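*Asks:* Sequence first, then the predicted structure:
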Amino acid sequence: MAESNEGKGFVKAVQNTDMTYRFVKVIEEGKGAIYVREDIASADFVRSISDQPVPSRYVRPVGGIVNIVEAEPVLMVPFIGTSGTSLYATTTLGQKVVEVRQYVRPIKDYLPLILRAISFTRELSVKGIPFITVVIGYGKNNKPRFLILRGARYFVRKYRSRKTGELRTYPDLRLFFTKPLFGGFKKGERYYFVLSVLVPKGALTRKTFVVPAEPKGTVTTPGATAQQVQGQPTEDIDRQLRELFEALRKVNS
């Protein structure tokens, strides 16, 4: 179950244009934690990510593209990770092409939290909510790099200990982005990253399961409830999606 935030102060706040979104800690494991926006912290799909089975070998988050200018964050996971490169083979017109792709690998302490964040995006996809997952990495000179998640590969490495000869396992998760090579991170060194999930502005308020709970002792009228879940019309969301496609191309150019 998600951690109860009743009676606790808000542990994180993010300023997004003229709006401040308050975040609460819903999962804490090891050295890290997952922060979810306060108004959806009690939703069923948020609580479900606190106890997730190990995903399949290949993890491929799915979801629509949302407007990065008119988007709002719903989940954040600060983590420490390393970067490296791997070869990726594709076949084009019958010709095999080998590409080099750079990845970000969360260290073991933060890996379960990132897997749960990916599970959260799956829940959004099931509910028909478009989203985009971004990772901000602070590399050399603490200069931030903005990366758009394309997919993730999860597998378990097996190796034999040199000292004892015992066969051991080591879980490995690699995050790949729309930009194959982004530089700025020395191989093997640890850096600070923040994974965020963004949705179109107003997309969640159209869903009845996101209506914030009323304070104790208050009465919600039918008119007030209808006004809360009305949200933006579909054509506004579609327009935002079209605008984001162009915005993302500029960010990655």
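*Replies:* Looks like it came in fine. From a predicted model like this one, the values you see are computed outputs, not experimental measurements.
*Asks:* make it CA atoms for all contacts and neighbour counts henceforth
*Replies:* Fine.
*Asks:* quick one: residue 76 is in a strand?
*Replies:* Yes: assessed by DSSP: H, G, I helix; E, B strand; the rest coil, residue 76 belongs to a strand.
*Asks:* Excluding chain neighbours, what is closest to it?
*Replies:* Nearest in space to residue 76, with sequence neighbours left out and distances taken as C-alpha to C-alpha, 6 or more residues apart in numbering, is residue 196 at 4.4 Å.
*Asks:* How many residues are close by the one you found?
*Replies:* 21 (other C-alpha atoms under 10 Å).
*Asks:* For it, which residues count as its bridge partners?
*Replies:* Under DSSP bridges, the beta-bridge partners of residue 196 are residue 76, residue 134.
*Asks:* and stretch 143-161, which residues are buried?
*Replies:* Of the residues in stretch 143-161, 145, 147, 148, 149, 150, 151, 152, 153, 154 count as buried by neighbour count, 16 or more other C-alpha atoms under 10 Å.
*Asks:* C-terminal to the helix or strand hosting the last one, what's the next element?
*Replies:* Same thing as residue 154. Assigned by DSSP states H and E, residue 154 belongs to strand 144-160. Downstream of strand 144-160, the first helix or strand assigned by DSSP H and E is strand 167-177.
*Asks:* mind listing what's buried in that next one?
*Replies:* 173, 174, 175, 176, 177.
*Asks:* and if you look at stretch 38-55?
*Replies:* Taking 16+ other C-alpha under 10 Å as the criterion, stretch 38-55 shows 38, 39, 40, 41, 42, 45, 46, 47, 49, 50 as buried.
*Asks:* Go through the helices and strands of the protein and name the one with the lowest mean pLDDT.
*Replies:* helix 222-230 (a mean of 31; mean pLDDT, DSSP states H and E).
*Asks:* quick one: which of the buried residues of stretch 38-55 is nearest residue 141?
*Replies:* Checking these against residue 141 with C-alpha to C-alpha, the nearest one is residue 38 at 32.7 Å.
*Asks:* which residues does that closest one contact?
*Replies:* Contact partners of residue 38, counting by C-alpha atoms under 8 Å, 6 or more residues apart in numbering, are 21, 22, 23, 24.
*Asks:* ok, for it, nearest residue in space, not its chain neighbours?
*Replies:* Using C-alpha to C-alpha, 6+ apart, the closest residue to residue 38 is residue 23 (5.0 Å).
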